[in-house]
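Peer 1: Here is my input; please provide its structure:
(chains A and B)
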Amino acid sequence: AQSVTQLGSHVSVSEGALVLLRCNYSSSVPPYLFWYVQYPNQGLQLLLKYTSAATLVKGINGFEAEFKKSETSFHLTKPSAHMSDAAEYFCAVVTTGNQFYFGTGTSLTVIP
Amino acid sequence: NAGVMQNPRHLVRRRGQEARLRCSPMKGHSHVYWYRQLPEEGLKFMVYLQKENIIDESGMPKERFSAEFPKEGPSILRIQQVVRGDSAAYFCASNMQGTNNSPLHFGNGTRLTVT
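Peer 2: Numbering: from 1, shown residues only, chains lettered A, B, ... in the order given. Below you'll find the model as predicted:
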């Protein structure tokens, strides 16, 4: 069965510091992977997706993620945190049956 | 607005009443998913539908919950005889048919409160 694990349900960084949100997946086949962001009282918005075209994927708002098959990881990074990045972040993997599996989420707090 | 539309945004029901949550997928999308989210918890998959067909309902409670996606009109998530434990945010998402890397597009959710 497919699954994703997000290490750290809460992450705090100072404004301007590096953001690193971790995601590991379990998959017996090459997966399709996604990162979503959720702001309070809103639905999830797509940040970026990995579809095997390139291992380093750039998304919106300065975020990027690197697919590492050897580590079964797809960690999300941003070089410099902004106050507006405070939100909940979800990693997701999709199976060949078009079924999406989401991680439990990581809440990012940005400290001024 | 060409995005996923959910209504109502907020729904208050007394215990024992019925709740109907509606979702119109994004234009061109034929797959609809329903998720439930509780505070401090992630998204819990409920059901995956195509028009007139339930693909996967493994996340749906066995009783009181049902979902449909008719040929015409929005997808409906129906909760009969609501209880306080049904209070949550319910999100609908849609994507295109036949592509495994088609991302889900989410609505803004319906927040159900059972009093």
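
Peer 1: Quick check: the gap between the residue positioned nearest the centre of chain B and chain A.
Peer 2: In chain B, the residue lying closest to the centroid (Cα atoms, centre = their mean) is B:W34, at 3.5 Å. Using Cβ to the nearest Cβ, to the nearest Å, we find B:W34 at a distance of 12 Å from chain A. Just so you know, the C-beta spots here come from the backbone N, C-alpha and C atoms, and that holds for glycine as well.

Peer 1: and the next element down the chain from the helix or strand harbouring that residue?
Peer 2: Element membership of B:W34 [criterion: DSSP states H and E] is strand B:31-37. Sequence-wise, the next helix or strand downstream of strand B:31-37 (DSSP H and E) is strand B:43-50.

Peer 1: Not counting the strand holding B:W34 itself, show me its contacts.
Peer 2: Strand B:31-37 has contacts (Cβ atoms under 8 Å, 6 or more residues apart in numbering or on different chains) with A:98, A:100, A:102, B:23, B:25, B:43-50, B:55, B:67, B:69, B:75, B:77, B:88-97, B:104, B:109.

Peer 1: report the angle between the axes of that strand and strand B:43-50?
Peer 2: Using axes from the mean of the first three to the mean of the last three Cα atoms, to 10 degrees, the direction of strand B:31-37 lies 160 degrees away from that of strand B:43-50.

Peer 1: so B:L38 touches B:Y90, yeah?
Peer 2: No - the pair formed by B:L38 and B:Y90 falls short of the contact definition of Cβ atoms under 8 Å, at 10.5 Å.

Peer 1: if we can go back for a sec, in its sheet, what does the strand holding B:W34 sit against?
Peer 2: strand B:43-50 (antiparallel), strand B:88-95 (antiparallel) (DSSP bridges).

Peer 1: so where is chain A shaky, pLDDT-wise?
Peer 2: A:1-2, A:28-30 (pLDDT under 70).

Peer 1: what does chain B put close to chain A?
Peer 2: B:4, B:6, B:31, B:33, B:35, B:41-43, B:45, B:48, B:55-56, B:91, B:93, B:95, B:100-109, B:111 (Cβ under 8 Å from any Cβ of the partner chain).

Peer 1: Just the buried ones among the residues you listed, please.
Peer 2: In terms of neighbour count (16 or more other Cβ atoms under 10 Å in any protein chain shown), the buried residues within the residues of chain B next to chain A are B:4, B:6, B:31, B:33, B:35, B:42-43, B:45, B:48, B:91, B:93, B:95, B:101-109, B:111.
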